[in-house]
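Q: Here you go, sequence then predicted model.
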Amino acid sequence: RELAKLPGPQAAYDVQETGSPALVGFLKRDYRVDRLVLKAGARVMFTRNNPGAGYVNGTLGEVVGFDDEGDPIVLTFERRRVAVFREQWEIEEDGKIVASVRQLPLRLAWAITVHKSQGMTLDAAEIDLSRAFDRGMGYVALSRVKRLDNISLLGLNATALEVSSRIRKLDAEFLSQSEETEGYLERLGEREAVRKQRAFLESIVAGRGGADDAPDAGAESGVRYEVDEVFAVNFEGYSDINPDDEES
């Protein structure tokens, strides 16, 4: 609707895709890559991290023109002028690219849902949480913005800032596990702790099939790790709790 209000011609960009249709469809859904239509004056948001090019996921700006190839030029809210080119999202199997999609890392950004803002870093936002319907939505929305000064809060309800009891339960277990680990390391002593840490890192390198000259797991330190030595939180029962019935 907002795009239609702008004068001037529009430029459309279709996704360039290769590989298995099923995997291409997965990439499109997972990274929200779709056909993009722009005009000069369009409010946009970057959807990819590329600090070298002058943007990260969530950087806001406005299309101020197009280059000779038809690619858009965006002026960010930080007054940085960015020439935007297609980027590639891909799936690899056995070192080979089996599916890929190429598109401009942009989306129209007059508005966005809280859900779709997850993982983004926004320069500024006008946020309405008066109809928040799940615990944690307020945290997700407010924590997207770099500076408190750049938040305009239009509405708020109690649900937006509630903390889920399952999250409190997990947090308590994480704290307990941390205390156990701290006590374990103290009992080992600094020298032995460093030795075990080094052996652990060597195990990771060996397990990932690292460089040919990588040492065998724990070879130099003489430490061998077993599964039952690793502290772990038991997540069983957390993921299937119904948010509407947290005591279930």
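A: Happy to help now that I have it.

Q: lowest confidence element among the helices and strands of this protein?
A: Ranked by mean pLDDT, DSSP states H and E, the weakest helix or strand in the chain is helix 190-207, scoring a mean of 85.

Q: Check which element follows the helix or strand where Ala4 lies along the chain.
A: Using DSSP states H and E, Ala4 falls within helix 2-5. Proceeding N to C from helix 2-5, the next assigned helix or strand is strand 11-13, under DSSP H and E.

Q: Helices of the protein, residue ranges please.
A: For the chain, applying DSSP state H gives helices covering 2-5, 21-31, 137-142, 165-188, 190-207.

Q: Which stretch among the ones you listed is buried most, on average?
A: helix 137-142 (a mean of 19; mean count of other Cβ atoms under 10 Å). Just so you know, the C-beta spots here come from the backbone N, C-alpha and C atoms, and that holds for glycine as well.

Q: what angle sits between the least confident helix or strand of the chain and helix 165-188?
A: If you take axes from the mean of the first three to the mean of the last three Cα atoms, to 10 degrees, helix 190-207 sits at 120 degrees to helix 165-188.

Q: circling back: worst mean pLDDT among the helices of the chain?
A: Among these, helix 190-207 has the lowest mean pLDDT, at a mean of 85.

Q: tell me the contacts of the residue nearest to the spatial centre of the chain?
A: Residue closest to the mean C-alpha point of the chain, counted by Cα atoms, centre = their mean, is Gly119 at 3.8 Å. Neighbour list for Gly119: Asn57, Gly58 [criterion: Cβ atoms under 8 Å, 6 or more residues apart in numbering].

Q: got it, and the one 4 residues further on?
A: By Cβ under 8 Å, 6+ apart, Asp123 lies in contact with Gly58, Thr59, Leu60, Thr76, Phe77, Glu78, Val145, Lys146, Asn150.

Q: Rebuild those residues as CSV, extending it with pLDDT.
A: Listed next are the contacts of Asp123 as CSV, based on pLDDT from 0 to 100:
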residue, pLDDT
Gly58, 85
Thr59, 90
Leu60, 89
Thr76, 93
Phe77, 86
Glu78, 84
Val145, 91
Lys146, 89
Asn150, 92
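
Q: Cool, thanks, talk later.
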